[in-house]
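Asker: The amino acid sequence is not available; the structure is as follows:
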Ligand SMILES: [Zn+2]
């Protein structure tokens with residue numbers, strides 16, 4: 001996929017003007033040769049490989065995820081990148097019980113008729129619902145009770161379950177909490193209640209046997225497992241049917257709750273059936289995949305620059321295969337393309353660079369939580385953790401850094417200005433955030449690491465977030481090539497700087 005000749009001329013001019021000022025420590029000929037070896041064709045090929053049916057959507061814990069982990073590790077080995085996982089391997093293991101969804105199950109509404117008979121309306125997946133990806137196995141038919149946000153927070157004088165009996169019932173609830181301002185320190189009191197996992201646990205604690213989560217009809221494996229709790233995510237269709245003729249509206253009820261902090265839970269009078277066909281694997285294990293290129297300076301090699309992204313995706317729910325192309329084969333393959341070029345160049349870096357392919361992100365950020373508790377290099381020797389999640393769609397680049405390392409964005413900006421010439425937004429993610437961390441980068445930041453992220457902007461393709469459309473065609477290989485080149489160049493600069501300007 002060649003770019004226009006105009007761009008080539010710009011690039012060549014830039015190279016001539018800049019080779020003398022950029023990277024005095026690296027041999028420029030070598031640097032440029034391997035810069036040009038990074039190609040969108042190879043990237044597109046790897047995208048297809050990692051999105052192949054054999055990896056089955058890379059759900060954390062499954063043998064297919066482990067096969068994908070092996071595929072990445074084999075590549076790093078082939079390129080001469082050292083293992084940095086457990087016992088001299090590329091793998092950093094942790095426990096992760098997981099659930100396989102065997103078929104799409106069923107969602108049905110029972111509509112009583114005047115003659116005493118009942119019509120059953122069956123819904124379709126994924127148009128109307130998505131099977132609960134950590135649901136218990138079985139079938140429930142019960143009355144549906146609307147419980148707002150599904151939150152019981154006595155210390156905040158808020159309880160969606162107060163005065164309402166959900167024993168043996170199906171609860172219908174929304175994401176989030178009634179307090180919405182994640183920049184307000186008050187949010188810290190609410191944050192534990194906005195986790196999907198908490199909501200399932202609280203429903204089970206109140207005796208519910210089924211849960212309809214108004215979470216969008218897309219894959220969400222980040223929920224807690226209870227053997228006797230059948231879970232299903234629903235979209236607007238079934239929701240409208242449940243509310244039809246009740247004189248109430250889900251969005252209005254939430255708005256009112258957000259204003260008053262008074263729950264408005266009620267028994268809908270609707271009866272539904274949820275069927276889930278799942279198999280639980282309590283002994284599951286999963287892993288991060290870690291490789292590194294060791295630094296060569298006797299002192300600076302103890303410092304590490306980490307680039308990472310999640311390798312896992314949301315799997316295959318009974319035939320609804322989400323290959324995880326944009327989310328996040330794109331990030332992984334950006335990293336791999338840069339890693340291959342860095343290793344092949346043989347350019348000696350003073351500092352160590354690490355490639356961290358994270359497992360278990362989609363099931364609750366498990367891999368980044370495990371790494372931050374069990375880091376390969378100490379936190380104070382970690383220059384920065386750079387996160388890539390969904391980085392390969394569009395025409396522009398963006399680099400963001402925590403306030404603790406805002407200066408490091410300069411290395412990326414310089415590399416882009418001199419060699420790549422994409423529109424680039426540079427920002428510092430300042431201020432406080434009290435919400436639920438939704439990326440591996442935020443897990444590192446919360447643990448006190450300096451963090452950065454690279455992303456792509458000005459998207460030109462639709463994003464099928466956690467839906468079967470997210471396959472290898474959901475990315476733009478040309479921008480991925482430039483992301484990999486950006487990583488390659490800035491790692492050489494940061495890796496070799498005598499002192500880093502944070
Ligand atoms: Zn992701």
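Answerer: On my side now, so go ahead. Not measured: the values here are computed from a predicted model.
Asker: Spell out which parts of the stretch 251-400 of the chain neighbour the ion.
Answerer: 327-328, 389 (C-beta under 5 Å from the ion). In this view, the C-beta of every residue, glycine as well, is placed from N, C-alpha and C.
Asker: Could you pick out the residues of the protein near the ion for me?
Answerer: 327-328, 389.
Asker: so what's residue 405 closest to, chain neighbours aside?
Answerer: Nearest non-adjacent residue to residue 405, counting by C-beta to C-beta, 6 or more residues apart in numbering: residue 450, 3.9 Å away.
Asker: actually residue 307, not the one I typed
Answerer: residue 386 (4.6 Å).
Asker: Now find how far off-centre the helix or strand hosting residue 66 is within its chain.
Answerer: Secondary structure assignment for residue 66, by DSSP states H and E: helix 63-78. A distance of 19 Å separates the centroid of the chain from that of helix 63-78, by C-alpha atoms, centre = their mean, to the nearest Å.
Asker: Check stretch 339-358 too.
Answerer: For stretch 339-358, the distance to the chain centre is 24 Å (C-alpha atoms, centre = their mean).
Asker: Span of that stretch from start to end?
Answerer: 16 Å (C-alpha to C-alpha, to the nearest Å).
Asker: Could you pull out the buried residues of it?
Answerer: Across stretch 339-358, burial judged by 16 or more other C-beta atoms under 10 Å covers 339-343, 345, 347-358.
Asker: Could you report the neighbour count for residue 450?
Answerer: For residue 450, the count of nearby residues is 20 (other C-beta atoms under 10 Å).
Asker: Now do the same contact list for it.
Answerer: The contact partners of residue 450, taken as C-beta atoms under 8 Å, 6 or more residues apart in numbering, are 382-385, 401-402, 404-405, 408, 502.
Asker: In CSV, list the residues of the chain next to the ion along with secondary structure and neighbour count.
Answerer: CSV is the format used below for these (DSSP: H, G, I helix; E, B strand; the rest coil; neighbours: other C-beta atoms under 10 Å):
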residue, secondary structure, neighbour count
327, helix, 28
328, helix, 29
389, coil, 22
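Asker: Out of those, which comes closest to residue 170?
Answerer: residue 327 (29.7 Å; C-beta to C-beta).
Asker: I'd like the distance between that closest one and residue 470.
Answerer: Distance, residue 327 to residue 470, using C-beta to C-beta, to the nearest Å: 6 Å.
Asker: Common neighbours of these two, please.
Answerer: Common neighbours of residue 327 and residue 470 (C-beta under 8 Å, 6+ apart) are residue 313.
Asker: And for residue 79, nearest residue in space, chain neighbours not counted?
Answerer: residue 343 (4.3 Å).
Asker: There's contact between the one you found and residue 81 in this structure, I believe.
Answerer: Yes: between residue 343 and residue 81 there is a contact under C-beta atoms under 8 Å: 5.3 Å.
Asker: So for the two, which residues contact both of them?
Answerer: residue 293.
Asker: Break down the stretch 1-150 of the chain into its strands, ranges please.
Answerer: Under the criterion DSSP state E, counting those that start in this stretch, the stretch 1-150 of the chain contains strands at 82-83, 91-95, 98-112, 118-122, 129-131, 138-146.
Asker: Next one: the residue lying farthest from the centre of the chain from residue 269, what distance?
Answerer: Residue farthest from the centre of the chain, counting by C-alpha atoms, centre = their mean, is residue 115 at 50.2 Å. Separation of residue 115 from residue 269 (C-beta to C-beta): 19 Å.
Asker: For the top helix by length along the chain, buried residues please.
Answerer: Ordering each helix of the chain by length in residues (DSSP state H) puts helix 477-496 first. Across helix 477-496, burial judged by 16+ other C-beta under 10 Å covers 477-496.
Asker: model confidence over it, on average?
Answerer: Mean pLDDT, helix 477-496: 97.
Asker: Please name every helix or strand in contact with it.
Answerer: helix 28-37, helix 40-50, strand 304-310, helix 330-345, strand 396-402, helix 409-415, strand 451-457 (3 or more C-beta pairs under 8 Å, 6 or more residues apart in numbering; DSSP states H and E).
Asker: Thank you kindly, that will do.
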